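>>> Okay, here's the prediction I keep looking at, along with the sequence it came from:
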Amino acid sequence: MPATEQNNFNQSYRYEALFNHASMGIVVVNSKGIILSVNPFALNLFCYKIEEIIDKPIEILIPQRYHHKHNDHRENYTHNPKSRSMGNGMDLYGVKKDGKEFQVEVSLGNYEKDGDKNVIAFISDTSVRKNAEAEIIKLNDDLEATVEQRTKELTDAMHQLEKSKEELSRSLAKEKELSELKSRFVSMASHEFRTPLSTVLSSSYLIEKYTTTEHQPKREKHLQRIVSSVNMLTDILNDFLSVGKIEEGKIPVRLSRFNIQEHIVSVMEEIKNNLQKNQQIQYTHTGNANVEMDTSLVKHIIMNLISNASKFSPEGSVIAITTNQTDEFLVLSVKDVGIGISKDDQKHLMERFFRGANAGNIQGTGLGLHIVAKYAELMKGSVECNSELEKGTEFKISFNTK
């Protein structure tokens, strides 16, 4: 046998051995997508006999739903053929003779024969590997989920521990605060209660001495002193009850629609007998008089501010009250011409038990303005103080009505 023929025979033999014994499917198609040759591995992979697949379109090995796309891909590849390596990131599927689909990887090559462009497809079944990868991914996801769950449980436990620590700290602080409040109350009560109780005792004793008709004016005078002292004690106790409810968060806000002008006039009528001698209240209102607020809290604020203005102002003075409602705010102002408040004291006015340095022997618990500020806050209000020593004081509260 001539050397050239021997060479061709050897090459043909090697090709046939490679083709027939390759451990992956090999399918050769022409430019029209017709199968020209299939190796045994591919026949076994797709479960076909050789006569069932030769001269059939390549789409016989591809799921029906991909046929229309594959025709375009095949034509594009025929016009611009280039090698495509295995595992290029595409999710590809083959279909067996019985219609069962499975995942594959495909590597493409091309060559010309007799003027036609043929394509060689090297096909590998990846379903086993994909399933193994999916199982690994699932195990990894399960592990990550377990780690995440344990981390969350640990984080929640830490947060709960921190929360418990904070609650304990707040409880201890609250306990300390209540203890201080009780101590201050005992100290203040021993001082503030002494004067009105002494007045009640002495007036009661003197009333017993005035038995005749001509002593009636004196009896009335001492009865009025008793009433005034009892009112003072009631105010002190009410202040403490209010502070206690505020600290416990038990002050409900019951909003209702009412006329602020009529409400303030009613409060003025109620408090006028508790003013100092010949003191007067002047009141003006501008804007819409209808508001939506808590009548009880508003009443307490007004009475507290008027009471303060009266106590710290001279006899015969005027207390000026104004209310003005705009689209966004209701502004309440109570102004007196009393002893005023120093700049240093103004910084602490809303603190519990605080009393100005110039308050002297004027009765008071130091709780009134603290309560006013808290009640105003419950109704979206803020308190502003404008004052100078010996020039009077104005308290202005702006309620957001939006």
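Okay, I see it. Residues are numbered from 1 along each chain as shown.
>>> need the longest helix for the chain.
Ranked by residue count under DSSP state H, the longest helix found in the chain is helix 127-192.
>>> Quick one: list the elements packing against it.
Here helix 127-192 touches strand 101-113, helix 216-247, going by 3 or more C-beta pairs under 8 Å, 6 or more residues apart in numbering; DSSP states H and E. Any C-beta I mention is one placed from the backbone N, CA and C, and that applies to glycine too.
>>> what angle separates it from helix 216-247?
Between helix 127-192 and helix 216-247, the angle formed by their directions is 160 degrees, by axes from the mean of the first three to the mean of the last three C-alpha atoms, to 10 degrees.
>>> can you state the direction angle for helix 127-192 and strand 101-113?
Using the same axes, to 10 degrees: helix 127-192 against strand 101-113 is 130 degrees.
>>> circling back to that earlier point, in a markdown table: the helices and strands packed on helix 127-192, plus distance to residue 32, mean pLDDT and mean neighbour count.
Output for these, formatted as a markdown table (distance: least, C-beta to C-beta, whole Å; pLDDT from 0 to 100; neighbours: other C-beta atoms under 10 Å):
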| stretch | distance to residue 32 | mean pLDDT | mean neighbour count |
| --- | --- | --- | --- |
| strand 101-113 | 14 | 87 | 16 |
| helix 216-247 | 91 | 73 | 16 |
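>>> Nearest approach to residue 52 belongs to which of those?
Closest approach to residue 52 among the helices and strands packed on helix 127-192 (C-beta to C-beta): strand 101-113, 18.3 Å.
>>> what sits up against the closest one?
Outside of strand 101-113, the residues within contact range by C-beta atoms under 8 Å, 6 or more residues apart in numbering are 63, 77, 81-87, 91-96, 117-127, 130.
>>> Just the buried residues of those.
For the contacts of strand 101-113, a neighbour count by 16 or more other C-beta atoms under 10 Å gives the buried set as 77, 81, 94-95, 118-126.
>>> Present these as JSON lines; the columns should include distance to residue 213.
Supplementary listing: those in JSON lines, determined by distance: C-beta to C-beta, whole Å:
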{"residue": "77", "distance to residue 213": "130"}
{"residue": "81", "distance to residue 213": "134"}
{"residue": "94", "distance to residue 213": "125"}
{"residue": "95", "distance to residue 213": "125"}
{"residue": "118", "distance to residue 213": "141"}
{"residue": "119", "distance to residue 213": "135"}
{"residue": "120", "distance to residue 213": "137"}
{"residue": "121", "distance to residue 213": "132"}
{"residue": "122", "distance to residue 213": "132"}
{"residue": "123", "distance to residue 213": "130"}
{"residue": "124", "distance to residue 213": "127"}
{"residue": "125", "distance to residue 213": "126"}
{"residue": "126", "distance to residue 213": "121"}
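>>> one step back: looking at the helices and strands packed on helix 127-192, spot the one closest to residue 24.
Closest approach to residue 24 among the helices and strands packed on helix 127-192 (C-beta to C-beta): strand 101-113, 8.7 Å.
>>> Can I get that closest one in PDB, CA atoms only?
Output of strand 101-113 as PDB, limited to C-alpha atoms (Å, rounded to 0.1, in the frame of the first residue of the first chain):
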ATOM      1  CA  GLU A 101     -35.800  16.200  28.700                       C
ATOM      2  CA  PHE A 102     -32.400  16.500  30.300                       C
ATOM      3  CA  GLN A 103     -29.700  19.200  30.700                       C
ATOM      4  CA  VAL A 104     -26.700  19.200  28.300                       C
ATOM      5  CA  GLU A 105     -23.600  21.100  27.500                       C
ATOM      6  CA  VAL A 106     -22.800  21.600  23.900                       C
ATOM      7  CA  SER A 107     -19.500  22.500  22.200                       C
ATOM      8  CA  LEU A 108     -19.500  23.400  18.500                       C
ATOM      9  CA  GLY A 109     -17.000  23.100  15.800                       C
ATOM     10  CA  ASN A 110     -17.300  23.500  12.000                       C
ATOM     11  CA  TYR A 111     -15.600  22.400   8.800                       C
ATOM     12  CA  GLU A 112     -16.300  22.500   5.000                       C
ATOM     13  CA  LYS A 113     -16.900  19.400   2.900                       C
END
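>>> Next SSE downstream of that strand?
Remark: after strand 101-113, the chain's next helix or strand is strand 116-125, criterion DSSP states H and E.
>>> Point out the other helices and strands that that following strand packs with.
For strand 116-125, the packing partners by 3+ C-beta pairs under 8 Å, 6+ apart come out as strand 25-29, helix 40-46, helix 67-79, strand 101-113.
>>> Pull the residues that contact it.
Under C-beta under 8 Å, 6+ apart, the answer for strand 116-125 is 24-31, 36, 42, 45, 58, 77-78, 81, 86, 94, 102-112.
>>> Format the helices and strands packed on helix 127-192 as JSON lines; extra columns: distance to residue 346.
Conversion of the helices and strands packed on helix 127-192 to JSON lines gives the following (distance: least, C-beta to C-beta, whole Å):
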{"stretch": "strand 101-113", "distance to residue 346": "80"}
{"stretch": "helix 216-247", "distance to residue 346": "21"}
